[in-house]
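Student: Kindly generate the corresponding structure for this input.
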Amino acid sequence: MTDFSKTKAMFDIPDGMIYLNGNSLGPMPKTAPDAMNRFLMEEWRTELVKGWNTKNWFMQTNSLGDRVGKLIGAAPGSTVVGDTLSIKVFQAVSSAMAMVPDRKVILSDNGNFPTDLYMVEGLIDLKDAGYELRTPNPENVLDNISDEVAVVMITEVDYRTGRKHDMKKIIEKAHAHGAMVVWDLAHSAGAIPVDVADFDTDFAIGCTYKYLNAGPGGPAFLYVAPRLIDTVVPTLTGWFGHEAPFAFDLNYKPIAGKIDRMRVGTPSIASFALLDAALDVWDHVDIHDVRARSIELSELLIREVEARCPGVKFAGMRDPQERGSQVSFRFEHGYALMQALIARNVVGDFRMPDVIRFGVTPLFIGEEEILNAVEIMEDILRNEIWKEDRFQVRSAVT
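Tutor: I've put the predicted structure just below:
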């Protein structure tokens, strides 16, 4: 059984802050400064270039990949970390497309995070070979899987409403029609149970700076099903994926039979130090406990807001099994309301046009924080504090 009082003590959250935004950026683990200092003072400073060997920097893409892989049900040797999630979208989708060369349809949905769609649009323009991106409503994805589809690219949890796709059904139907699947776990890994092997997914991608708490711009991850590793064709062919990177051949030859072929360029070892420290938290956590507690707290938040905050409307799925680990509400002046909440040290975020989002992360959030947050929201609404001019000014990041 996970001890959430113990995990809460592992994070450095400012005094008085109710942090309900772990779905966007996780808080700093208390071990992060020491981890970074060790990297600076005991690795980079003392080892310099020797660190690629003496500190095994060269293989941290894989060793940390396996640590992330454990959290998503991946077999050892099937996950690597590095680059950004946008790069991993490009890698996974382009490699999946190459495996179904006679089809021209990429299927996603209009609730997917825009950067995933932007990357596919760019990929389609780059190929200039008649590909088409289709984006039906999220609830209609299953009905749109057909023999025309080459790749189904789905983010399991909708970034605005928290709606959760039934990935098992999507993957089964896609495979029945001969399509490949790219499963984006950005809002799943560290929030809900994931089992890429059990679901027989082809590719999975995700970031580590949300529920895995690896810091702003933390490295992304890429999973490839072991059955595909021998045949997957890397479309971003960097030297880290070459079969002999220090032979410095002029022509690319991917590493045979290893996930290493999906590595691209030199990764940020400094960011790996933070990821390594963040993953230590998960040595004390059972994701099924996290999920159960997240549902309890989410239901409490929804009940209290609906009872005490007039005009704020729940924007997600009523069945908690059909939601991820975030709760979203709609309010006509949602941006101003969120700014007023942040000014009172209740930190969530806003998504256009009128959605306020709260990440319910049991690792550091409990009933007391939920009830206090709702009490503050109730006060802001009752006294119309959100109408103050200072809360109408839009920041660059919302």
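
Student: Specify the local secondary structure of Val49.
Tutor: Secondary structure assignment for Val49 (DSSP: H, G, I helix; E, B strand; the rest coil): helix.

Student: what number of residues lie near it?
Tutor: For Val49, the neighbour count with other C-beta atoms under 10 Å is 9. Every C-beta, even on glycine, is put in place using the N, C-alpha and C of the backbone.

Student: how close does it sit to Asn56?
Tutor: 14 Å (C-beta to C-beta, to the nearest Å).

Student: Check Tyr252 too.
Tutor: 25 Å.

Student: Same check on His284?
Tutor: In terms of C-beta to C-beta, His284 sits 24 Å off from Asn56.

Student: can you give me the strands for the chain?
Tutor: 18-19, 79-81, 105-107, 132-134, 149-155, 180-184, 203-206, 221-224, 313-314, 326-330, 346-347, 349-351, 355-359 (DSSP state E).

Student: what's the helix ranked longest in the chain in contact with?
Tutor: When the chain is parsed with DSSP state H, its longest helix is helix 287-308. The contact list for helix 287-308, computed with C-beta atoms under 8 Å, 6 or more residues apart in numbering, reads 1-2, 4, 71, 190-194, 312, 314, 320-321, 323, 325, 327, 329, 358, 360-363, 365-367, 370-371, 373-375, 377-378.

Student: and the residues you listed, which are buried?
Tutor: 2, 4, 71, 190-192, 194, 312, 314, 320, 323, 325, 327, 329, 358, 360-363, 365, 370, 373-374, 377-378 (16 or more other C-beta atoms under 10 Å).

Student: Out of these, name the ones that lie in helices.
Tutor: Reading helices off the buried ones among the contacts of helix 287-308 with DSSP H, I get 4, 71, 370, 373-374, 377-378.

Student: Quick check: of the residues you listed, which lies closest to Arg394?
Tutor: Met377 (20.4 Å; C-beta to C-beta).

Student: could you measure the closest one against Asp389, distance?
Tutor: Counting by C-beta to C-beta - Met377 and Asp389 are separated by 20 Å.

Student: Likewise for Trp44?
Tutor: Following C-beta to C-beta, the distance that separates Trp44 from Asp389 is 47 Å.

Student: Comparing the two, which residue is more hemmed in?
Tutor: Trp44 (17 against 7).

Student: which non-adjacent residue is nearest that one?
Tutor: Spatially, and ignoring its direct neighbours in sequence, Trp44 is nearest to Gly51 (6.5 Å; C-beta to C-beta, 6 or more residues apart in numbering).

Student: so the one you found touches Glu42, yeah?
Tutor: No - taking contacts as C-beta atoms under 8 Å, Gly51 lies outside contact range of Glu42: 9.7 Å.

Student: more crowded one of those two?
Tutor: Counting neighbours by other C-beta under 10 Å for Gly51 and for Glu42 shows that Gly51 has the greater number, 18 against 12.

Student: quick one: contacts for that one?
Tutor: Contacts of Gly51 by C-beta under 8 Å, 6+ apart are 43-44, 57, 269.

Student: where in this protein is pLDDT low?
Tutor: For the chain, applying pLDDT under 70 flags no range at all.

Student: farthest-separated two in the ones in helices among the buried ones among the contacts of helix 287-308?
Tutor: Comparing all pairs in these by C-beta to C-beta, the longest separation belongs to Leu71 and Glu378, at 36.3 Å.

Student: quick revisit: how far away is the residue nearest to Trp44 from Ala214?
Tutor: Taken as C-beta to C-beta, the span from Gly51 to Ala214 is 20 Å.
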